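Peer 1: What would the 3D arrangement of this be:
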Amino acid sequence: MKYTITIFLAVLFFNCTSEKKTIRSQSVGNAFGTSYSIIYLSDSPLDFQKEIDSVIDVVNQSMSTYLPDSDISRINNGDATIKVDEMFKEVFRISSDVHRASKGYFDPTIGVLANAWGFGPGEQIALDSVKVDSLLNYVGWNKVTLLENGTIQKEHPEIRFDFNAVAKGYAIDRLGAMLDEKEIVNYLVEVGGEVLAKGTNIIKQKPWTVGIDRPNAFMKRGTAAVINLEDKALASSGNYRKFRYDEETGEKYVHTIDPLTGFTKNAKVLAASVVANDCATADAFATAFMAMDLEESKNVLRKRKDLNAYIIYIGQNDTIKAHLTPGFEKLLK
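Peer 2: Below is the predicted model:
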């Protein structure tokens, strides 16, 4: 009996001491013109701030149009000798994929238009149909080529890349890849409302949960939905987030630019949230769906089984409506 009790107590002691408490570590800061929050769970306290800063720096150096010495800025300014890094190449490939799938509504060569409309780092100018038509000569994904030697060939020197609609999502993917390399299996990366979730929130024994904004035509906002995310990315785009008013005319200009017409698109679609396997793809399609008509977006979603979406739009009598894919409905909390 004493022998049996001794074994039992020894096993009990071993089980109690071998249980490892889950530690929640979090890094917060500012990057890419917005804020970020990165939560990672482990069995000991961790601090990856140095590694996070490094990822942010290398992405900015490659693709930030707000850094005059970045690769993309030097290419935009006419330096044809720049050999882009693997990050730039991957974003270029993702952009090509989304450009084809969206029939041209996603086009990162809108840099000259973004500047002209006042949504880029360059000079804003007064626009009319004639000037917009002239600037469209320097827009078109078919006018740029990534050569085998890693340099970019532009049909016109005036063409300017603007990866802002995909680079932030890609940066989130790179932050996730860094955590993967550190063998962190449960984490949540959020930058400016875009999210990459891996594993689960094992502290609460439930999936990671993310809220989605609910805009309406009068700018009142709240939470439209809360979804569960596991090993997926979520990106959202909305005209309620970024816009400007003309001081003289009072006209509202949204940041969504239709690359086919050259004009900003004050459409009935108010917001688009996309779930995909990676955040760069989700980011790009969320932007594309803002420029596309709702029925065109539905057609893309029917073909792309790797995507799920929640699109908020203005219906009849100015009522707020939502289109959800079946896969998105399953994610609702």
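Peer 1: C-alpha from now on. contacts and neighbour counts both.
Peer 2: Fine.
Peer 1: In this structure, where is pLDDT below threshold?
Peer 2: 1-19, 215-222, 239-255, 266 (pLDDT under 70).
Peer 1: redo that, cut-off 50
Peer 2: Where the chain drops to pLDDT under 50, the residues are 1-18, 217-219, 242-246, 249-253.
Peer 1: ranges for the helices of this structure?
Peer 2: Here the chain has its helices, by DSSP state H, at 2-18, 49-63, 71-76, 86-101, 111-116, 129-135, 167-181, 279-291, 294-303, 326-331.
Peer 1: Residues contacting the third one, please?
Peer 2: When contacts are taken as C-alpha atoms under 8 Å, 6 or more residues apart in numbering, the neighbours of helix 71-76 outside the stretch itself are 61-68, 82, 84, 152, 157-161.
Peer 1: Can you select the buried ones from those in ChimeraX?
Peer 2: The ChimeraX command for the buried members of the contacts of helix 71-76 (criterion: 16 or more other C-alpha atoms under 10 Å) is given here:
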select :61,62,63,64,65,66,84,152,158,159,160,161
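Peer 1: Specify which member of the contacts of helix 71-76 is nearest to N142.
Peer 2: I159 (11.4 Å; C-alpha to C-alpha).
Peer 1: so the closest one sits right up against G111, yeah?
Peer 2: Yes. Assessed by C-alpha atoms under 8 Å, I159 is found in contact with G111 at 7.2 Å.
Peer 1: Which residues are in contact with each of these two?
Peer 2: Both I159 and G111 are in contact with V139, where contact means C-alpha under 8 Å, 6+ apart.
Peer 1: quick one: contacts for the closest residue to Y313 other than its chain neighbours?
Peer 2: Spatial nearest neighbour of Y313, excluding adjacent residues (C-alpha to C-alpha, 6 or more residues apart in numbering): V269 at 4.1 Å. Counting by C-alpha under 8 Å, 6+ apart, V269 touches 290, 293-294, 311-314.
Peer 1: Only whichever of these are buried, select them in PyMOL.
Peer 2: To isolate the buried subset of the contacts of V269 in PyMOL, counting by 16+ other C-alpha under 10 Å, use the following:
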select buried, resi 290+294+311+312+313+314
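Peer 1: can you list the contacts of V269 in JSON lines and add distance to T200?
Peer 2: Below are those laid out as JSON lines (distance: C-alpha to C-alpha, whole Å):
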{"residue": "M290", "distance to T200": "30"}
{"residue": "D293", "distance to T200": "35"}
{"residue": "L294", "distance to T200": "33"}
{"residue": "I311", "distance to T200": "26"}
{"residue": "I312", "distance to T200": "28"}
{"residue": "Y313", "distance to T200": "31"}
{"residue": "I314", "distance to T200": "35"}
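Peer 1: A126: how many residues sit nearby?
Peer 2: Neighbourhood size, A126 [other C-alpha atoms under 10 Å]: 9.
Peer 1: separation between the closest residue to it other than its chain neighbours and L67?
Peer 2: In space, and not counting its chain neighbours, A126 is closest to A116: 7.5 Å by C-alpha to C-alpha, 6+ apart. A116 is 18 Å from L67, where distance means C-alpha to C-alpha, to the nearest Å.
Peer 1: can you check E296 too?
Peer 2: In this view, E296 and L67 are 35 Å apart by C-alpha to C-alpha.
Peer 1: what does L307 give?
Peer 2: Look at L307 and L67: by C-alpha to C-alpha, they are 32 Å apart.
Peer 1: for stretch 186-204, how far is the first residue from the last?
Peer 2: Stretch 186-204 has an end-to-end distance of 12 Å (C-alpha to C-alpha).
Peer 1: which parts of it are buried?
Peer 2: For stretch 186-204, by 16+ other C-alpha under 10 Å, it's 186-202.
Peer 1: just stretch 318-330 next, same as before
Peer 2: 320, 322, 325, 328.
Peer 1: The nearest residue to N277 once chain neighbours are set aside - how many residues pack around it?
Peer 2: Using C-alpha to C-alpha, 6+ apart and skipping residues adjacent in sequence, the residue nearest N277 is K232, 5.0 Å away. Per other C-alpha under 10 Å, the neighbour tally for K232 reads 17.
Peer 1: Show me the beta-bridge partners of K232.
Peer 2: Under DSSP bridges, the beta-bridge partners of K232 are A197.
Peer 1: do you know how far it is from T200?
Peer 2: 11 Å.
Peer 1: Please name the residues that touch the residue nearest to A126.
Peer 2: A116 makes contacts with 122-127, as judged by C-alpha under 8 Å, 6+ apart.
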